[in-house]
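Visitor: Task: produce atomic coordinates for the following.
(chains A and B)
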There are 2 protein chains.
Amino acid sequence: MEFVQRLEAAARRTEDHLRALLDECGPAANGRLGDAMRYAALAGGKRFRPFLVIESAALFGVEERMVLDAAAAIECVHCYSLVHDDLPSMDDDNLRRGQPTVHRAYDEWTAILTGDALLTLAFEILAQPAGQRDASVDVDLVLALAKAAGGRGMVEGQMFDLEAEKLGTPETPTIDHIRKLHALKTGALIACACEAGAILGRATAIDRAALRRYGEHLGFAFQIADDLLDAEGDTEIVGKETGKDNARGKATLVTLLGVDNARACLEEAERDAVNSLHLFGGRAATLIEAARFAAQRAR
Amino acid sequence: MEFVQRLEAAARRTEDHLRALLDECGPAANGRLGDAMRYAALAGGKRFRPFLVIESAALFGVEERMVLDAAAAIECVHCYSLVHDDLPSMDDDNLRRGQPTVHRAYDEWTAILTGDALLTLAFEILAQPAGQRDASVDVDLVLALAKAAGGRGMVEGQMFDLEAEKLGTPETPTIDHIRKLHALKTGALIACACEAGAILGRATAIDRAALRRYGEHLGFAFQIADDLLDAEGDTEIVGKETGKDNARGKATLVTLLGVDNARACLEEAERDAVNSLHLFGGRAATLIEAARFAAQRAR
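Guide: Take a look at the predicted model:
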């Protein structure tokens, strides 16, 4: 199967699973909260993180249900973060994946609660009993996801980003500053998606660390590509408003280094990601393609 | 030890533990996010939910560290919910425990991220390796907390409440409607705190169900007492603005039944809570006092 077809197949499987999980998520399922959760979580998107869970788990032959649960949980966290980041008091975005953001389609309080419920659902999915599951695997996944999502990862990244934008950066942003920001804001969850396959597969510490490193480089590549798209992209193609970073005077690797040097950084990150996989040999072919895919988006 | 002293001792132990956990919660610990998390989580309060974890676990002789972790995790969820509920687009409160709410002391985006980080930290605390821990107990706790906090519980309760207030209730609120609202919004997390002791102590299903039932009745008593305090209380004593329910035309058991009938409901809930504990005999004396305490606040 071609890479893009594999990506699309993974997205469909994750969405079907996520839809089923959302349909049985309690009293909320049939009301405004459930509607908004479905609006936020089933509105398309590449489902790149679930794809990474599925492909990293494929290295270890993990049972389908466990893989899809982990994929759906990580996607819930990703979707919640988009809903909250888009809020008026944060990035104030009107469009997401070509559709009105949740607070535009509903309202602000609904958007906040929808994010809260999706974040909580992620942990419920990981902890709910299913088939052959091993409790120590579940706990490892909960821990990895909580670290990636919270004050050690994504939320701290968003705080770091908004602090600079809204309160003014204490010093001129450096490349290290931007790298740290990306590692927290985007890298942590992508790395967690890659590591999840190793956790599910009870892989050796070496294999797990390799997949995590791969995810960190991949996440960096992904973010530079995003920044390049924002600087150069077209709203219609990207599905959200572009040129906003520049309009806000927000420092990115692109504004700091210029387009050409940012592209060189992107290629280096792609190379580092691919090199992290060497111990898996040919089995990691799809993950290698994923690194190319992440970088190519901005070419 | 007197009941109030036991309550205060539990609050101190939980706060010390929570402070230590917040001091090591990653990159966030030393920045604005960590400051705001500490502001939100260490600003006092009765710590009634942690107390319930500690006292229900005491029935089964659970190791201290495990108990305090569960107590701290549930308190993180409680504190996050207060921070988000107080937001301008939700209840728009300026005071909490006699201090400016997080969005007043900081700003709105900081408050949203602080809530997100506290919610995520709760699951990290439950999943982190510590001492004699059994992974299946950790997973049970994660599942119980996620169900109590998310679309099956607290978040759905807040949605239900705000929908009626902001969008207009489709029909006249009934007592059943209000009971359902309380069960979701306040009851679920209090019941989870009581059940947590049984989960930690690997109690029988019967003991676990009894503690859960106790928690449900207790939560109801707690909420009626809150509504009575709001209707009759003094801002200085309560530590937050009072009379807001009435000012908003919000239906509560007090506005629906009047003060005297609401008091009768409160006494019935207290009695039901106490009766749920009969199979523990004298060992549950402190939990019985807790039910009296919850009801007495409004006397």
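Visitor: any low-confidence regions in the stretch 51-200 of chain A?
Guide: A:131-132, A:169-172 (pLDDT under 70).
Visitor: those strands in it, which residues are they?
Guide: Here the stretch 51-200 of chain A has its strands, by DSSP state E, counting those that start in this stretch, at A:95-96, A:99-100.
Visitor: Out of those strands, which one sits most buried?
Guide: Stretch with highest mean neighbour count among these: strand A:95-96 (a mean of 19; mean count of other CB atoms under 10 Å in any protein chain shown). Using the backbone N, CA and C atoms, a C-beta is placed for each residue, glycine as well.
Visitor: strand partners of that one, parallel vs antiparallel please.
Guide: Strand pairing for strand A:95-96, using DSSP bridges, gives strand A:99-100 (antiparallel).
Visitor: what's the offset of the partner strand from the middle of its chain?
Guide: Centroid separation for strand A:99-100 versus its chain: 19 Å, with CA atoms, centre = their mean, to the nearest Å.
Visitor: before we move on, what about stretch A:278-287?
Guide: Counting by CA atoms, centre = their mean, stretch A:278-287 comes out at 22 Å from the chain centroid.
Visitor: The strands of the stretch 51-200 of chain A into JSON lines, with extra columns for distance to residue B:181?
Guide: Converted to JSON lines, the strands of the stretch 51-200 of chain A look like this (distance: least, CB to CB, whole Å):
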{"stretch": "strand A:95-96", "distance to residue B:181": "31"}
{"stretch": "strand A:99-100", "distance to residue B:181": "29"}
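Visitor: closest to residue A:29 out of these?
Guide: Among the strands of the stretch 51-200 of chain A, the nearest to residue A:29 by CB to CB is strand A:99-100 (21.2 Å).
Visitor: I would like the residues contacting the closest one, please.
Guide: Residues outside strand A:99-100 that contact it (CB atoms under 8 Å, 6 or more residues apart in numbering or on different chains): A:43, A:94, A:105.
Visitor: and chain B, which of these contact it?
Guide: Near chain B, judged by CB under 8 Å from any CB of the partner chain, there are no entries from the contacts of strand A:99-100.
Visitor: what about burial for those residues, which qualify?
Guide: A:43, A:105 (16 or more other CB atoms under 10 Å in any protein chain shown).
Visitor: Name the nearest of the contacts of strand A:99-100 relative to residue A:201.
Guide: residue A:43 (30.5 Å).
Visitor: ok, residue A:277 to residue A:268 distance?
Guide: Distance, residue A:277 to residue A:268, by CB to CB, to the nearest Å: 16 Å.
Visitor: Which one's more surrounded, the two?
Guide: Comparing residue A:277 with residue A:268 by other CB atoms under 10 Å in any protein chain shown, the one with more neighbours is residue A:277, at 24 against 14.
Visitor: Please report phi then psi for that one.
Guide: Main-chain dihedrals, residue A:277, degrees, to the nearest 10: phi -100, psi 0.
Visitor: so who does it touch?
Guide: Taking CB under 8 Å, 6+ apart, we find residue A:277 in contact with A:210, A:214, A:284, A:287-288.
Visitor: With residue B:175 as the reference, measure out to it.
Guide: For residue A:277 relative to residue B:175 (CB to CB), the value is 61 Å.
Visitor: got the contacts of residue A:277 as JSON lines, with distance to residue B:263 and pLDDT columns?
Guide: Shown next, in JSON lines, are the contacts of residue A:277 (distance: CB to CB, whole Å; pLDDT from 0 to 100):
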{"residue": "A:210", "distance to residue B:263": "64", "pLDDT": "98"}
{"residue": "A:214", "distance to residue B:263": "63", "pLDDT": "98"}
{"residue": "A:284", "distance to residue B:263": "67", "pLDDT": "97"}
{"residue": "A:287", "distance to residue B:263": "64", "pLDDT": "97"}
{"residue": "A:288", "distance to residue B:263": "69", "pLDDT": "97"}
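Visitor: Could you pick out the buried ones from the residues you listed?
Guide: Of the contacts of residue A:277, these count as buried by 16+ other CB under 10 Å: A:210, A:214, A:284, A:287-288.
Visitor: Hmm, residue A:138 is touching residue B:141, no?
Guide: No. With contact defined as CB atoms under 8 Å, residue A:138 does not count as touching residue B:141 (11.3 Å).
Visitor: Need the residues that contact stretch A:11-29.
Guide: For stretch A:11-29, the external contacting residues (CB under 8 Å, 6+ apart) are A:34, A:37-38, A:41-42, A:45-47, A:50-51, A:54, A:68-69, A:71-72, A:75-76, A:117, A:121, A:124-125, B:147, B:150-153, B:155-156, B:159, B:184.
Visitor: Out of those residues, name the ones that lie in helices.
Guide: Among those, DSSP state H puts A:34, A:37-38, A:41, A:50-51, A:54, A:68-69, A:71-72, A:75-76, A:117, A:121, A:124-125, B:147, B:155-156, B:159 in helices.
Visitor: pLDDT value on residue A:298, please?
Guide: Reported pLDDT at residue A:298 in the predicted model: 63.
Visitor: sorry, back to before: and chain B, which of the buried ones among the contacts of residue A:277 contact it?
Guide: Of the residues in the buried ones among the contacts of residue A:277, proximity to chain B by CB under 8 Å from any CB holds for none.
Visitor: can you name the two of the residues you listed that are farthest apart?
Guide: So, the buried ones among the contacts of residue A:277 by CB to CB: farthest apart are A:210 and A:288, at 12.8 Å.
Visitor: Distance check, residue A:137 against chain B.
Guide: The spacing between residue A:137 and chain B, counted by CB to the nearest CB, to the nearest Å, is 8 Å.
Visitor: correction: residue A:282
Guide: Taking CB to the nearest CB as the measure, residue A:282 falls 34 Å from chain B.
Visitor: Same check on residue A:120?
Guide: Between residue A:120 and chain B the computed distance is 3 Å (CB to the nearest CB).
Visitor: excluding its backbone neighbours, what's nearest that residue?
Guide: Distances taken as CB to CB, 6 or more residues apart in numbering or on different chains place residue B:150 nearest to residue A:120, at 3.2 Å, with adjacent residues excluded.
Visitor: close enough to count as contact, the one you found and residue A:117?
Guide: Yes. Under the criterion of CB under 8 Å, residue B:150 makes contact with residue A:117 at 5.1 Å.
Visitor: Which one's more surrounded, these two?
Guide: Just comparing residue B:150 and residue A:117: by other CB under 10 Å the higher neighbour count belongs to residue A:117, 33 against 29.
Visitor: so who does that one touch?
Guide: Going by CB under 8 Å, 6+ apart, residue A:117 touches A:25, A:28, A:33, A:37, B:150-151, B:155-156.
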